[in-house]
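> no letters, just coordinates:
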């Protein structure tokens, strides 16, 4: 045991009695900063993880990836097929790559998938009467929210003070007489 007040030989403290902690060295601080940056940086993982699924031509593969970013995963619904790891997304990626290899254009591939899965398969569906509600929903929600806010503020604002009752007028007159006498 060490005596009370004696510095701890195992600590890296400096100062009197070993009570003041030492500052972190520059290397430790830099290492922590790099670790923090590495954790905060978004790491973009490509969904095409199997090299056998990739096209041998780099230009065609890039075209397939660009097209895959415009097609919605039917399971995840808010991800493109390029970002999803679901089996259906993999199947759709393979279909896109097969159609590119067959020589189809981007519009032909989109039309093929659109005919098979409907408007929902496209992340940016075309404007048509059948998709008008889809396109109008954000505007309707915004207008509805603004209307709700305006109407609730009108109801919350009082119209003014309520008129005095006869009893309150008599009491007020009595108070005024008392104050004028004093």
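Thanks, I have the structure now. All values reported here derive from a predicted model rather than from experimental measurement.
> so where's the protein shaky on pLDDT?
1-25, 37, 39-52, 156-159, 182 (pLDDT under 70).
> the domain parsing of it - what is it?
Under automatic domain parsing, the residue ranges defining each domain of the chain are 51-121, 126-153.
> so which of those is the most surrounded?
Among the domains of the chain, domain 51-121 has the highest mean neighbour count (mean count of other CB atoms under 10 Å), at a mean of 16. No exception for glycine: its C-beta is placed from N, CA and C like everyone else's.
> centroid-nearest residue for the chain?
In the chain, the residue lying closest to the centroid (CA atoms, centre = their mean) is residue 78, at 11.6 Å.
> and that residue, what does it touch?
Residue 78 makes contacts with residue 72, as judged by CB atoms under 8 Å, 6 or more residues apart in numbering.
> one step back: please convert the domains of the chain to a markdown table, extending it with distance to residue 179.
Output for the domains of the chain, formatted as a markdown table (distance: least, CB to CB, whole Å):
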| stretch | distance to residue 179 |
| --- | --- |
| domain 51-121 | 70 |
| domain 126-153 | 39 |
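> tell me which of the ones you listed approaches residue 28 most closely.
Nearest of the domains of the chain to residue 28, taken as CB to CB: domain 51-121 at 36.7 Å.
> distance from that closest one to the middle of the chain?
Relative to its chain's centre, domain 51-121 lies at 25 Å (CA atoms, centre = their mean, to the nearest Å).
> now stretch 119-135
On the basis of CA atoms, centre = their mean, stretch 119-135 sits 22 Å off its chain's mean C-alpha point.
> between the domains of the chain, which one is nearest to residue 173?
Closest to residue 173 of the domains of the chain, according to CB to CB: domain 126-153, at 37.2 Å.
> quick one on the thing from earlier: quick one: classify the residue nearest to the centre of the chain as helix, strand or coil.
The three-state label given to residue 78 by DSSP: H, G, I helix; E, B strand; the rest coil is coil.
> name the element residue 107 belongs to?
Secondary-structure assignment from DSSP states H and E places residue 107 in helix 106-117.
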